[in-house]
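**Q** Next input, structure requested:
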Amino acid sequence: MAALSLNHYWRIVAAGLSYVLFGLGALLPGLYILILGVLPLDQHTRQLKVRRVIQKLCWVYVHIMQGLGLLQFTVHGKAPQNLRGHMVISNHTMLIDALFALALIDNLCCVVKAGLCHNFFTRGPIRLAGYIPNNDPDLVNRAANKLDAGENILIFPEGTRNQYDLQLDFKRGAANIAVISGAPILPMLMCCSPRALGKDKKWYQLPTVKSQITIEIHPVLNVADCIDTNEPRTRQYRKLTQWLRDYYYQAVSRVTEG
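**A** Purely as a prediction, here's the structure:
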């Protein structure tokens with residue numbers, strides 16, 4: 001077995017530092033809301049302010065990881081200004097995919113793993129930001145209501161991190177929400193080469209060279225441009241799920257083979 005390079009050892013140390021910083025950073029929105037609690041603000045205003053803090057923290061955090069030499073990322077494209085009532089979807093390759101989305105998109109409500117709602121570091125920010133746990137029995141309707149109210153919803157159609165780039169095992173949840181709400185879809189693409197922070201890896205199991213992360217923000221899609229919205233809903237769910245899967249298959253293939 002070849003000896004690890006000094007750079008590889010440093011990136012393992014940097015990964016550990018990043019995890020510590022993430023835990024400390026997750027506490028800040030909770031402290032911030034204590035200050036907001038004494039101000040005459042309604043729940044909606046407080047929620048927006050908490051989301052803005054989370055967005056700024058994620059922006060700082062991903063740049064710290066880049067500054068430490070843990071990874072290198074590039075962003076192509078930009079979300080439309082004053083984005084309201086959009087579904088933001090992405091393929092899911094890394095543990096930190098959501099952090100990039102949160103850093104780049106305003107007023108983003110996440111569909112999060114239920115376990116994070118009970119985690120000491122993340123439960124406060126999740127509750128205060130109005131995020132939706134993925135085990136909520138009324139998830140689809142809650143998400144649709146939030147979209148109707150002008151919030152943007154982040155969801156990973158795969159539901160969990162894939163194990164290789166073109167796996168893309170899309171579930172129907174994202175399509176169900178899009179069909180029921182009629183909300184426009186903002187696709188994000190995230191590719192990591194070499195792959196890191198995958199589902200089958202520990203945080204310290206890093207590739208021998210620094211990962212290059214490519215993030216693309218694509219033009220907005222309308223459901224009616226993807227499928228026939230006159231068909232029965234169950235067929236729309238199935239066809240939109242397949243359409244989105246094919247869309248991402250082509251996009252990921254272009255990036256990873258290019």
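**Q** ranges for the strands of the stretch 1-150 of the chain?
**A** Counting by DSSP state E, counting those that start in this stretch, residue ranges of the strands within the stretch 1-150 of the chain are 71-76, 87-90, 108-112, 132-133.
**Q** which parts of the first one are buried?
**A** For strand 71-76, burial by neighbour count (16 or more other Cβ atoms under 10 Å) applies to 71, 73. For the C-beta atoms, the positions are set from N, CA and C on the backbone; glycine is no exception.
**Q** pLDDT (mean, whole number) over that strand?
**A** Averaging pLDDT along strand 71-76 yields 97.
**Q** What lies in contact with it?
**A** When contacts are defined by Cβ atoms under 8 Å, 6 or more residues apart in numbering, strand 71-76 is touched by residues 62, 65-66, 100, 104, 192, 196, 210-217.
**Q** Please apply the same query to the second one.
**A** The list of residues contacting strand 87-90 from outside it, by Cβ under 8 Å, 6+ apart, reads 97, 101, 105, 108, 147, 152-157, 174, 177-178, 181, 183-190, 244.
**Q** re the thing from before, would JSON lines of the strands of the stretch 1-150 of the chain with distance to Y164 be doable?
**A** Formatted as JSON lines, those follow (distance: least, Cβ to Cβ, whole Å):
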{"stretch": "strand 71-76", "distance to Y164": "19"}
{"stretch": "strand 87-90", "distance to Y164": "16"}
{"stretch": "strand 108-112", "distance to Y164": "23"}
{"stretch": "strand 132-133", "distance to Y164": "27"}
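**Q** Of these, which is nearest D228?
**A** strand 87-90 (19.1 Å; Cβ to Cβ).
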